[in-house]
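S.K.: next input, structure requested:
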Amino acid sequence: MYYVYVLKSRKDNRFYIGYTADLERRITEHSKGLSRATAHRRPLDLVYYEACRTSRDGIRREKYLKTTYGHRYLKNRIRNDDDGSGKA
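M.R.: Residues are numbered from 1 along each chain as shown. Okay, here's the model as predicted:
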């Protein structure tokens, strides 16, 4: 399985969208500050993830979620975690 995931920073309330084959390991890396993209935005919470059957599907889904339409989709899916800023 491959996973597309969304992390929310408690520091700036913004989302980070990523893709991985090992979700547990990747979340641990983010939490420990081993990812340059999110190290300065810790602490982070996993607020959403999807499982994909193929790597290709996972990459396509990640790219979609990073688009304007994908942000809208996430905003609706993660409604309870939205801080009102409208930033997904």
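S.K.: CA only for contacts and neighbour counts going forward, please
M.R.: Fine.
S.K.: just how off-centre is the helix or strand of the chain with the lowest mean pLDDT within its chain?
M.R.: None of the helices or strands of the chain scores lower by mean pLDDT, DSSP states H and E than helix 68-77, at a mean of 94. Offset of helix 68-77 from its chain centre (C-alpha atoms, centre = their mean, to the nearest Å): 12 Å.
S.K.: packing partners for it?
M.R.: helix 55-65 (3 or more C-alpha pairs under 8 Å, 6 or more residues apart in numbering; DSSP states H and E).
S.K.: which of the residues in the helix it packs on are buried?
M.R.: Within helix 55-65, the residues that count as buried by 16 or more other C-alpha atoms under 10 Å are 58, 59, 61, 62, 65.
S.K.: using PDB, write out every CA atom in that helix.
M.R.: This file holds the C-alpha atoms of helix 55-65, laid out as PDB (Å, rounded to 0.1, in the frame of the first residue of the first chain):
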ATOM      1  CA  SER A  55       2.600   4.000  -6.300                       C
ATOM      2  CA  ARG A  56       1.400   5.700  -9.400                       C
ATOM      3  CA  ASP A  57      -2.100   6.200  -8.000                       C
ATOM      4  CA  GLY A  58      -0.500   7.600  -4.800                       C
ATOM      5  CA  ILE A  59       1.600  10.200  -6.600                       C
ATOM      6  CA  ARG A  60      -1.300  11.200  -8.800                       C
ATOM      7  CA  ARG A  61      -3.500  11.700  -5.700                       C
ATOM      8  CA  GLU A  62      -0.800  13.700  -3.900                       C
ATOM      9  CA  LYS A  63      -0.500  16.000  -7.000                       C
ATOM     10  CA  TYR A  64      -4.300  16.400  -7.100                       C
ATOM     11  CA  LEU A  65      -4.600  17.300  -3.400                       C
END
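S.K.: now flag whichever of the buried residues of helix 55-65 is closest to residue 11.
M.R.: residue 65 (21.8 Å; C-alpha to C-alpha).
S.K.: now the least confident helix or strand of the chain - C-alpha only, PDB.
M.R.: C-alpha atoms of helix 68-77 as PDB (Å, rounded to 0.1, in the frame of the first residue of the first chain):
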ATOM      1  CA  THR A  68      -6.900  24.300  -5.800                       C
ATOM      2  CA  TYR A  69      -9.600  21.600  -6.300                       C
ATOM      3  CA  GLY A  70      -7.700  19.300  -4.000                       C
ATOM      4  CA  HIS A  71      -7.500  22.000  -1.300                       C
ATOM      5  CA  ARG A  72     -11.200  22.400  -1.500                       C
ATOM      6  CA  TYR A  73     -11.700  18.700  -1.200                       C
ATOM      7  CA  LEU A  74      -9.500  18.600   1.900                       C
ATOM      8  CA  LYS A  75     -11.200  21.600   3.400                       C
ATOM      9  CA  ASN A  76     -14.500  19.800   3.300                       C
ATOM     10  CA  ARG A  77     -13.000  16.500   4.500                       C
END
